[in-house]
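Colleague: Provide a 3D model corresponding to the input given below.
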Amino acid sequence: QIFFSGDANEGKNSDNNIFTKQVKFEEKTDHQAAEERPQFEGGIEEVESDDTNICVDEGQRIVDQRPDLENHVSIEENEGFWAWLIKVFTLTDGKLRLLAGDDAVQYLRFQRYIIGYIFITTILSICVVLPLNFQGNLQGNSTDFGHTTLSNLDPESPYLWAHITIAFLLFPISIYTMRKFSMDLKFRDPSLEITRTLCVENIPYHMCKEDILRRHFKEAYPRFSIYDCKVVYDVANLTESHNELVDVLSCYQYGVRHKEKHNEDLMMYPRCASRCCCCLCAPCSTKVSVLEYYGEKLNQLKNKVEKEKEESLHSPLGMAFVTFKSVNDARQVFEDFASTVLLRCRDERPKSSLSTSLMTNQWKVWFAPPPRDIYWENLSVESTWMVLKILVSNTALFLVTFFLTTPEYLVSQFDTIIIAIFGPEYDFQNSGGSWFKDFIPTILLWSFTALLPLLVSYSERWLGRWTRSEENHSIMRKTFWYLLFMVIILPTFGFTTGKAYFDFLFMDKNTTENYKWECIFLPDSGAFFVNYVITAALIGSGLELIRFPEMFWYLVQLCFSKTEAEGPAIQRRVTYEFRFGEQYARMLLIFAMVMMYSLSCPLITPFGCLYFLLKHFADRHNLAFVYARSKINRKVHASAINFVIMSVGLLQFFMVVFSIIRSGSLNYLTARTKYALVLFVITINIFTAQIWSNFCKKLSPIKYEDVLFIEDGDDEHNQEYVPPVLKDVYPGVRPSTSSSP
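Modeller: Numbers count the residues shown, from 1 in each chain. I've put the predicted structure just below:
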């Protein structure tokens, strides 16, 4: 068993159990941690080969700069095979915070609150709504699924008043639940989201120097104390070379350990895929020593990295991070520059003798995120190109979502495909293949909802976002909206293809008067979504534990590797950060599905509760033992809260639509329909009025903290704004005590 940790990545059996991270529960002092460092960190240890002397101490320093190679909780071999399962249930929030960070703990807390809310919804649906639905006689007998749905009730049934009332009562319960969750997050009002660090853009390249910027702020703001000032350099190529150097170093160290253990060099064919196809490489290639091959390559990469470090230090991006001693100082500078955006005709900002040369009238100033939230290699992506990329990406996703075929339509054509393959005379019922016919459509729909987030994720990573939190937030919002429309809303109203949209909007034969509204809320639709939730709970959660995509990608890279020494490097490449945005979106899609069908199809709620329970424990395992840490800001959690409230609001909207359809005409609204409309309007007003009314913020699902500008708090801005790959060569060192420049 191999443990993925920050040490030399022990190479034994590196191809087995590739996704286990090593974590220590015990909290150690700095002295104890230093004593437990690998032997090559304390001093310089020369590892000699025929042609190369490699400093392994340098290699460990490189590995230590990788934030994803932190030590994690270990599962010892003598604890048994099921030790991981026991730890998943016994890990406390405190231990999880050490393993995966505070964002992971808040993500799991959110799931627990959702489980509690879904449980309340399940009790109401099963104990109240389901018996009411059974009072009708429009859909089959008591053994038919349709008999449990809302369509079983007569349009004039008085029991429909209870459905509308319960739909409204779930709204204040959701606000209370989410407000309790948000209290521990310590949200601030968006207007108070300020930090001590400002990011300054559009600085002339030849003037983008730390001493010049310090001099400017000292003259323009003589009473303000600058805590730190760091210029941003282009490290895109350097980061790529640095990661390659880490991989080559791990291969070399694997060869060193192999020689120490077996007293002979590990041999290899220096050809792609020679590890699995060595017999094909033997006639045209000669075996070489792993130490010689990777030792030479390591020296070349070290020289390349040093050269690119020098080039990076001479390639400023016209950007700098300026950290002030006080939050009030940073806020004042930000307001001085923000005011000229609206009032360009009047520039009243403080000036210095360098203002003209620095072109301060062109500066763009914004509050900076914490250093570990930044993709340093993406800062070289120009904002103009990013806008063009965003336009192209969103247009492509929009066309795929709204004008091509939705997965519901593909599933509806499954019978046609089966007939084309097996013929019209094939009898599925008597041949034992009926389970296949019922099961495959649900799997197809679930697979599509798993692939669409990947498409959105890759499109966002192609954009080159500057921060992890911004990337996760964008992925979450786009994925949720696309999935919501493609999987639930559009199929529910019959818009399964682009042709259906145009027929409804432009063709006379499908006007709103003769549109087939009676086809909405059919029992079969609810049954399909129940099957979907069951599939997501039992199969989806299992696949998240297996992580088949990562396993497949690992095997592909394994087949194309040159030697077993590349095992640790391949392992690092398939160890991703936990994708909070994607996971939030997929989870909230199920929540929206369960809520929207909780009254029209009550049997979906217990399976929704089962899904969230299994999802919670699967995520606990993956966060603790599988994925590397990721960083998100509170906006992601805030969006998740708003999506929960919106999903409950959609339930009321669906009940309004159902009441209007059952009324038979838009010109005549029954008392029940008017009652549903009034409750829906109240819900909309409560949810939207908080945007502009301070009084309504007390009814908000988000509890905001009362803070003062003078409070600095734990904003993580005491860290240096320097890329990890440049920390050893960056000019200038932060002073030990903050003082005026």
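Colleague: pLDDT score for Phe224?
Modeller: pLDDT, Phe224: 90.
Colleague: was I right about it contacting Val327?
Modeller: No. Look at Phe224 against Val327 with CB atoms under 8 Å: they stay out of range, at 11.5 Å. Yep, even glycine has a C-beta here, placed from its N, CA and C like the rest.
Colleague: those two: which has the busier surroundings?
Modeller: The residue with more neighbours, out of Phe224 and Val327, is Val327; 23 against 20, by other CB atoms under 10 Å.
Colleague: what pLDDT does the model give the more buried one?
Modeller: For Val327, the pLDDT comes out at 86.
Colleague: can you check Pro190 too?
Modeller: 52.
Colleague: cool, and Asp508?
Modeller: Reading off the model, Asp508 has pLDDT 49.
Colleague: same deal with Met359?
Modeller: Met359 is given a pLDDT of 89.
Colleague: contacts only, for it.
Modeller: Each residue near Met359 by CB atoms under 8 Å, 6 or more residues apart in numbering is listed here: 202-204.
Colleague: relative to Gly608, which of those residues is nearest.
Modeller: Nearest to Gly608 among those: Asn202, at 49.8 Å, using CB to CB.
Colleague: I'd like the distance between the nearest residue to the closest one once chain neighbours are set aside and Arg214.
Modeller: Among residues not flanking Asn202 along the chain, Gln362 sits closest, at 4.7 Å (CB to CB, 6 or more residues apart in numbering). For Gln362, the distance to Arg214 equals 20 Å [CB to CB, to the nearest Å].
Colleague: alpha carbons of stretch 457-466, as PDB, please.
Modeller: The C-alpha coordinates for stretch 457-466 follow below in PDB (Å, rounded to 0.1, in the frame of the first residue of the first chain):
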ATOM      1  CA  SER A 457     -15.600  22.500 -15.600                       C
ATOM      2  CA  TYR A 458     -13.300  22.100 -18.500                       C
ATOM      3  CA  SER A 459     -14.700  25.200 -20.200                       C
ATOM      4  CA  GLU A 460     -14.100  27.200 -17.000                       C
ATOM      5  CA  ARG A 461     -10.500  25.900 -16.600                       C
ATOM      6  CA  TRP A 462      -9.900  26.800 -20.300                       C
ATOM      7  CA  LEU A 463     -10.900  30.300 -19.400                       C
ATOM      8  CA  GLY A 464      -8.000  30.600 -17.000                       C
ATOM      9  CA  ARG A 465      -9.700  32.000 -13.900                       C
ATOM     10  CA  TRP A 466      -7.400  33.900 -11.600                       C
END
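Colleague: list of residues touching it?
Modeller: Outside stretch 457-466, the residues that reach it (CB under 8 Å, 6+ apart) are 374-375, 378-379, 381, 386, 389-390, 393, 396-397, 471, 474-475, 478-479, 579, 581-582.
Colleague: which PyMOL command selects the buried ones in those residues?
Modeller: Here is the PyMOL command that selects the buried residues among the contacts of stretch 457-466 (16 or more other CB atoms under 10 Å):
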select buried, resi 374+375+378+379+381+389+393+397+471+474+475+478+479+579+581+582
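Colleague: between Gln362 and Arg214, who's got more neighbours?
Modeller: Between Gln362 and Arg214, counting by other CB under 10 Å, Arg214 is the more crowded of the two (16 against 11).
Colleague: what helix or strand is the more buried one located in?
Modeller: helix 210-220 (DSSP states H and E).
Colleague: against which helices or strands is that helix packed?
Modeller: Counting contacts by 3 or more CB pairs under 8 Å, 6 or more residues apart in numbering; DSSP states H and E, helix 210-220 packs against strand 226-233, strand 316-324, helix 355-358.
Colleague: and Ile682, how far is that from Val656?
Modeller: Distance from Ile682 to Val656, by CB to CB: 12 Å.
Colleague: the more surrounded of these two?
Modeller: Val656 (20 against 13).
Colleague: so what's that one closest to, chain neighbours aside?
Modeller: Sequence neighbours aside, Ala676 is the residue nearest to Val656 in space, at 4.7 Å (criterion: CB to CB, 6+ apart).
Colleague: I'd like the average pLDDT over the helix or strand containing Tyr176.
Modeller: Assessed by DSSP H and E, Tyr176 sits inside helix 160-183. The pLDDT scores in helix 160-183 average 90.
Colleague: for it, list every residue counted as buried.
Modeller: For helix 160-183, burial by neighbour count (16+ other CB under 10 Å) applies to 160, 163-164, 166-168, 170-171, 174-175, 177-179, 181-182.
Colleague: for the residues you listed, which one is nearest Glu210?
Modeller: Closest to Glu210, out of all of those and judged by CB to CB, is Ser182, at 39.6 Å.
Colleague: what's the local residue count around the closest residue to Ile115 other than its chain neighbours?
Modeller: Take Ile115 and drop its neighbours on the chain: the residue closest to it by CB to CB, 6+ apart is Phe612, 4.8 Å away. Number of residues near Phe612 (other CB under 10 Å) recorded here: 22.
Colleague: got a list of what Phe612 touches?
Modeller: 111, 114-115, 118, 587, 590-591 are the contacts of Phe612 under CB under 8 Å, 6+ apart.
Colleague: okay, those residues in JSON lines with secondary structure and distance to Thr575 next?
Modeller: As requested, the contacts of Phe612 are exported to JSON lines (DSSP: H, G, I helix; E, B strand; the rest coil; distance: CB to CB, whole Å):
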{"residue": "Gln111", "secondary structure": "helix", "distance to Thr575": "23"}
{"residue": "Ile114", "secondary structure": "helix", "distance to Thr575": "28"}
{"residue": "Ile115", "secondary structure": "helix", "distance to Thr575": "29"}
{"residue": "Ile118", "secondary structure": "helix", "distance to Thr575": "32"}
{"residue": "Met587", "secondary structure": "helix", "distance to Thr575": "22"}
{"residue": "Ile590", "secondary structure": "helix", "distance to Thr575": "27"}
{"residue": "Phe591", "secondary structure": "helix", "distance to Thr575": "29"}
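Colleague: now do the buried residues in the one helix or strand the residue nearest to Val656 maps to.
Modeller: Taking DSSP H and E as the criterion, Ala676 maps to helix 671-689. Buried residues in helix 671-689, defined by neighbour count with 16+ other CB under 10 Å: 672-673, 675-677, 679-680, 683, 686-687.
Colleague: which SS class is the residue lying closest to Lys309 once chain neighbours are set aside?
Modeller: Leaving aside its chain neighbours, Lys309 sits nearest to Val729 (5.1 Å; criterion: CB to CB, 6+ apart). Three-state call for Val729 (DSSP: H, G, I helix; E, B strand; the rest coil): coil.
Colleague: and the gap between Val729 and Val235?
Modeller: Look at Val729 and Val235: by CB to CB, they are 11 Å apart.
Colleague: which residue ranges form the helices in the stretch 551-700 of the chain?
Modeller: In the stretch 551-700 of the chain, the segments counted as helices under DSSP state H, counting those that start in this stretch are 567-573, 580-596, 604-625, 634-663, 671-689.
Colleague: point out the most buried one among the ones you listed.
Modeller: Greatest average neighbour count among the helices of the stretch 551-700 of the chain goes to helix 580-596 (a mean of 25), per mean count of other CB atoms under 10 Å.
Colleague: show me what it is packed up against.
Modeller: With contacts defined as 3+ CB pairs under 8 Å, 6+ apart, the packing partners of helix 580-596 are helix 102-124, helix 434-463, helix 468-483, helix 523-535, helix 604-625, helix 634-663.
Colleague: isn't there a strand covering Cys199?
Modeller: Yes. Counting by three-state DSSP, Cys199 falls inside a strand.
Colleague: skipping its backbone neighbours, what lies nearest it in space?
Modeller: Excluding its sequence neighbours, the residue lying closest to Cys199 (CB to CB, 6+ apart) is Ala368, at 4.2 Å.
Colleague: from Ala330, how far off is the one you found?
Modeller: 9 Å.
Colleague: now swap in Val232 and tell me
Modeller: Separation of Val232 from Ala330 (CB to CB): 18 Å.
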